[in-house]
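J.: I would like to see how this sequence folds:
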Amino acid sequence: MTTYSKYVDIAIALPVYNTFTYRVPENFSNFISVGKRALVPFGKRNVTGYILGSCEKTSLSEIEIKSILDILDENPLFPSSIVPFFRWISEYYIYPIGEVIKSALPGGLNLYEYAIISITENGKNVLKDNSVPPIQREILSSLEPEACQLKNLCKIINKNIPNSLIQTMENLGLIVSKRELKGGRTRLKVEHYVLLASSEIPVNELSAQKKKIIDALKQEGELSVKKLKELVPSAPGLIKSLENKGYISIVEKRVYRDPFGESIETDSAHILTKEQEQVIPKVVNSLNKGFSTFLLAGVTGSGKTEVYMQIAAEAIRKKCKVLVLVPEIALISQMERRFRARFGECVALLHSGLSAGERYDQWRRMASGEATIAIGARSAIFAPLDNVGIIIVDEEHDISYKQESGLRYNARDLAVVRAKLNNCIALLGSATPSIQSYYNVTINKFTELTLKKRIEKRPLPEVTIIDLRKIRDYRGVKKFISSELHEAMKETLERKEQILLFLNRRGFASFPVCSSCGKAIRCKNCDISLTFHKGANAYKCHYCGFTLASTSNCPTCGAADIKLLGLGTEKIEAAVKSLFPNAKTARMDRDTTTRKGSILKLLKGLKNQTIDILVGTQMIAKGHDFPNITLVGIICADLSLSLPDFRAGERTFQVLAQVSGRAGRGDVSGRVILQTFNPEHFSILSAKIQDFKAFYNKEIHFRKSLKYPPFSRMAQIKISGNDKEKTRQHALAVGDLCNTLKRNNKSFIKTIEVLGPIEAPLPRIAKQYRWQILLKSLSAKELHSLIHLMMFKNSSKFYRQKVKVVVDMDPFFMM
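T.: All right, here's what the predicted structure looks like:
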C-alpha cells in the first residue's frame, strides 16, 4: 500500500472471524503498509491488529469507524502476496484470520493490555469497618499493600474474579481499575560497535593495549565491543578512554542472532544420474509458467535432495524465492547444511527449535528479501517470502506436517494451496508417497516424476522377515532380539560397520503391572498406562506428562512388586549394551533430543563413526544419509498396524520402507531384519520389497469401498471436558444437531455421513473426558456448509460452557 488510503482492513489478533475497517489518521498515511501491525481500539480495550489492505469504500458511517492509534512496525512483517493465503486458511479451517496470522508470525511480538487494580481511600475505610461481603473484603485486603494485575490478584486469593464483581466494586468507589499496555517479549538485537573517528591518532603515545585496539580497528574497519573484549580483556574501560579523546566512536548496530552454530565447507553441484537428468528439466521448464504440482517418487537413496538443490539454483537464477519444508527438526539440520554449503548466506531457517529471538531474526531476513531460500518444519509454510518460484515438500507423506493443536493445518496441503495462489510450482518428494498425493497423480492433478534407482546403482537392501510368533515363548533378550538379528549385528560390528535399531516406542517398559493385584500402573489424569523410564527412574505419561516416582507402590493395592512388561527404546538400548559391551551405543528419541544441539551431536557421532549402534524411534527413520550403516533391525513392525485408524496400514508401510532405506547407502550393500507378528500383512510384504505401487493398488481398493479419503473429505468434531457426564451429554447433543441439520437438507442427506458420537479410543487425557464425531462427505463444499450452520447459526447448541468443542478439518489422528 504505497498511496494514502482513508480506510484499511484490519484482522484483530483475537478469536473473531471477521476483519474490521479502521480510519487512517492523516499523520499515519505515509507509514501505512500491508503486513504491518497497528494498535487499534476494539471494544473497551486496545489490541494488536494486522493491516491486510485498503478499503476505498465502506458501508459504515463516519461515527461508527474508529481510528488507528499507532503503527507498530517500521517494516512489514509479511508481504501483500501472502494475504490471500491467510484468508484461504481462515475460510477452509474455519479459524479466525487474526489468529491465523498470529500463529504464522514469530511468538512474543504483540502488545497486550492488562488491568491494574488499586484500592481507594474509601476502600481502605470500608475495610476497617468490616462492612463488605467476604469476597470483597478478601480482594481489598490483598490490594492494601500495593496495586496489582487482575490475574495476579486471582492467584493471591486463589479464586476466579468475574469482571462483574470488579465493575460493582468500582461503582461503589472501593477500587480503581486502569488498563495498561505491555510490549512483546521479542525485540531486535542491538550490539555496540567501535569504529575509528580520527585519522590522526598519536599511536606512539598510547599504551600497548590501546594500540592493539586501534590496530585491530584499522585492519577490520569496525568491531563489536564483544569482539574487542575477546582480543583485549580490559577493552571496555580502554574504549571509553579512547572515545573521550575523540579517537573512536561507538555506535549501535542491529545484529542477527545466529541459529546455525558453525560454518561449513562450500559444495558444488554433483554429477547427475540419467534419471536425475531427465527429471530436473521437467520442473525447471515450468518455472515462471504458472501453477503446477509435481510428485517426485524416488526410492530411498535415489538423490532427491540433489534434485531439489539443482532446481532451487535455477529458481534463484530466475530471481525467484525458494521455500523448502522438512517434516522434523531432526532432518532440518542435514538439509540446512547441504543447502548452506551450496548457496551460502542466502539460506534462512524457520522452526520451533529456534529461540524466540533467532526465529524473529530469521523471519526479518526473509521479509526484507535478504534471504532467498527458507528451510523449515511445517510452520515454515508461512515464511514471509515474496515472489516464490517453487515450494518443495520433502518426505511429503509424513504425518508431522499436520498440526494437532490451535490452527490444525496440514503444511503439505497448504504448500499446494500457496503454490496455486502464488502461481508457482509445488514439488512434493517421497520414497513412500501418501495415498492422497498418488491418487492426485492418477486423476491428473499432479505430475509424477520417478527415480527408480539408487545413486551409483546401489542395490536396495536385502530384507529378511522374522516371524515373532515363533519366539513368543522365549525369555529375556531373545524375546525381542531374534537369533538372526543378534548374529547379523555381531557380523556387522566385526566388519566395523554401523547398525540402526528401530522401535517406535520410547521408554524402558510400556506396561508396568502389579504382580499382586494384576492392575496396570495407570496415569491419574489419563485412561492409559504409564511408561517406565529407566534414565529418569520414574513412570511417565506420554500424553499429559504426569510423573510417578519409581519407588511408588501399586496405587490399587499398595504392593511394592511391579513387573516391567512391554518394550521401549531404553530397554532395547540396555539389552544391546549387555550383548555388545564393547560397542558404542546411543539412543535417539524425544527423551535424548530435548536439549539444543543434541540431535546434531548424535548425527555427527554417526557420521564420524563414534557411534556403532543407534537405537531410536521414527526420528531415525526419515531422510538421514549415513553410508556406513549396513544393518537395520526393526524390533517390532506391528506397533502402528493395530491402531484404530483407517490409515494404519499406510503409516506402517511408510515407516518400514523408510527405515529400511537407511541401510546400504554407501559402497557396501545393506541388510534389514524385520521382526513382526504379521508376516503375511500386505503393508509389511510391500515394505519388504519397497513396492509402493503394489501397496497402493491394495490400499486404494479398501479406501474406495468404504468411501474413505481420497474418495471423500472428512472433519472430526472433538468434544472434551473435565465433567464426564456433561461432556457425554453435550457430545450426544452435538450429534443430534448434526443429524437434525442433515435430515433438513436434501443435499446433506445425499453427500454427508455422520459417524458417532462415540467415546474417543483414548477416552481421558489430561483430566479431560473425550468424545468425537466423524463427518464424511463426497463434497468439501457441503461439509463446510454443515459445519458453518452448526458453528455460526446454531452456536448456542454447538457450544456449551466448560465443554470444549473443536473442529478438525482433514483429521489425521483418530485417537
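J.: shaky segments in this protein?
T.: Counting by pLDDT under 70, the ranges of the chain that qualify are 1-4, 110-113, 181-188, 254-256, 258-265, 473, 623.
J.: domain ranges for it?
T.: 7-104, 112-182, 189-255, 274-456, 462-506+568-702, 713-809 (automatic domain parsing).
J.: Same list, those, but as JSON lines with distance to Cys557 and mean neighbour count please.
T.: To be clear about C-beta, it is placed using only N, CA and C from the backbone, and glycine gets the same treatment. Formatted as JSON lines, the domains of the chain follow (distance: least, CB to CB, whole Å; neighbours: other CB atoms under 10 Å):
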{"stretch": "domain 7-104", "distance to Cys557": "47", "mean neighbour count": "17"}
{"stretch": "domain 112-182", "distance to Cys557": "35", "mean neighbour count": "14"}
{"stretch": "domain 189-255", "distance to Cys557": "57", "mean neighbour count": "14"}
{"stretch": "domain 274-456", "distance to Cys557": "36", "mean neighbour count": "21"}
{"stretch": "domain 462-506+568-702", "distance to Cys557": "25", "mean neighbour count": "19"}
{"stretch": "domain 713-809", "distance to Cys557": "22", "mean neighbour count": "17"}
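J.: is it possible to export those domains to CSV including distance to Ala520?
T.: Listed next are these as CSV, based on distance: least, CB to CB, whole Å:
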stretch, distance to Ala520
domain 7-104, 37
domain 112-182, 35
domain 189-255, 50
domain 274-456, 26
domain 462-506+568-702, 15
domain 713-809, 14
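J.: Which one of these lies nearest to Pro512?
T.: Comparing those against Pro512 with CB to CB, the closest turns out to be domain 462-506+568-702 (10.9 Å).
J.: What separates the first and last residues of the closest one, distance-wise?
T.: 29 Å (CA to CA, to the nearest Å).
J.: OK, contacts around Glu99?
T.: Applying CB atoms under 8 Å, 6 or more residues apart in numbering to Glu99 gives the contacts 13-15, 406-407.
J.: got CSV for those residues, with distance to Glu144 too?
T.: Shown next, in CSV, are the contacts of Glu99 (distance: CB to CB, whole Å):
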residue, distance to Glu144
Ala13, 35
Leu14, 34
Pro15, 36
Gly406, 40
Leu407, 44
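J.: Nearest to Cys526 among the domains of the chain would be which one?
T.: domain 713-809 (4.7 Å).
J.: what distance separates the closest one from the centre of its chain?
T.: 26 Å (CA atoms, centre = their mean, to the nearest Å).
J.: before we move on, what about stretch 492-510?
T.: With CA atoms, centre = their mean, you get 27 Å for stretch 492-510.
J.: again, but for stretch 11-26
T.: Using CA atoms, centre = their mean, the offset of stretch 11-26 from its chain centre is 28 Å.
J.: Please save the CA atoms from that stretch in CSV.
T.: These are the backbone C-alpha positions of stretch 11-26, laid out as CSV (Å, rounded to 0.1, in the frame of the first residue of the first chain):
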residue,chain,number,x,y,z
ALA,A,11,-7.5,-8.5,11.2
ILE,A,12,-7.6,-8.5,15.0
ALA,A,13,-5.3,-10.8,17.0
LEU,A,14,-8.2,-12.3,18.8
PRO,A,15,-10.6,-15.2,18.2
VAL,A,16,-13.0,-13.2,16.0
TYR,A,17,-13.8,-14.3,12.5
ASN,A,18,-14.4,-11.0,10.7
THR,A,19,-11.9,-8.3,9.7
PHE,A,20,-12.7,-4.7,10.6
THR,A,21,-12.5,-1.3,8.9
TYR,A,22,-10.4,1.4,10.6
ARG,A,23,-9.8,5.1,9.7
VAL,A,24,-6.2,6.1,8.9
PRO,A,25,-5.3,9.4,10.6
GLU,A,26,-3.5,11.7,8.2
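J.: hmm, who's touching that stretch?
T.: 4-10, 32, 38, 40, 42, 47-50, 52, 55, 58, 60, 65-68, 86, 90, 96-102, 110.
J.: Out of those, list just those in strands.
T.: Using DSSP state E, the members of the contacts of stretch 11-26 that fall within strands are 7-10, 38, 40, 42, 47-50, 52, 55, 66-67.
J.: Give me the phi and psi angles of the residue lying closest to Tyr93 once chain neighbours are set aside.
T.: Of all residues not flanking Tyr93 in the chain, Met809 sits nearest, at 5.4 Å (CB to CB, 6 or more residues apart in numbering). Phi and psi for Met809, reported as degrees, to the nearest 10, are phi -80, psi 140.
J.: can you check Met714 too?
T.: Main-chain dihedrals, Met714, degrees, to the nearest 10: phi -130, psi 150.
J.: Against Tyr308, how distant is it?
T.: Applying CB to CB, to the nearest Å, the value for Met714 to Tyr308 is 31 Å.
J.: isn't Lys478 right up against Ile471?
T.: Yes. At 6.5 Å, Lys478 counts as touching Ile471 under the criterion of CB atoms under 8 Å.
J.: Give me the contacts around stretch 220-230.
T.: By CB under 8 Å, 6+ apart, stretch 220-230 touches 191-195, 213, 216-217, 231, 235-236, 239, 250, 253, 255.
J.: what about the strands in the stretch 51-200 of the chain?
T.: 66-67, 70-71, 112-119, 148-149, 175-182, 189-196 (DSSP state E, counting those that start in this stretch).
J.: Could you figure out how far the fifth one is turned away from strand 37-42?
T.: Relative orientation of strand 175-182 versus strand 37-42 (axes from the mean of the first three to the mean of the last three CA atoms, to 10 degrees): 160 degrees.
J.: what's the angle from strand 175-182 to strand 112-119?
T.: With the same axes, to 10 degrees as the basis, strand 175-182 and strand 112-119 are set at 150 degrees to each other.
J.: so what secondary structure elements neighbour strand 175-182?
T.: Contacts defined by 3 or more CB pairs under 8 Å, 6 or more residues apart in numbering; DSSP states H and E place strand 175-182 against strand 45-55, strand 112-119, helix 134-143, helix 163-171.
J.: which other helices and strands contact the last one?
T.: Under the contact criterion of 3+ CB pairs under 8 Å, 6+ apart, helix 163-171 touches helix 134-143, strand 175-182.
J.: ok, now with 6 Å
T.: strand 175-182 (3 or more CB pairs under 6 Å, 6 or more residues apart in numbering; DSSP states H and E).
J.: List the neighbouring strands of the strand it packs on plus their orientation.
T.: Applying DSSP bridges to the sheet, strand 175-182 is found paired with strand 112-119 (antiparallel).
J.: who touches the partner strand?
T.: Residues outside strand 112-119 that contact it (CB atoms under 6 Å, 6 or more residues apart in numbering): 45-46, 140, 143-144, 147, 149-150, 153, 175-182.
J.: can you rerun that using 7 Å?
T.: 45-47, 140, 143-144, 147-150, 153, 175-182 (CB atoms under 7 Å, 6 or more residues apart in numbering).
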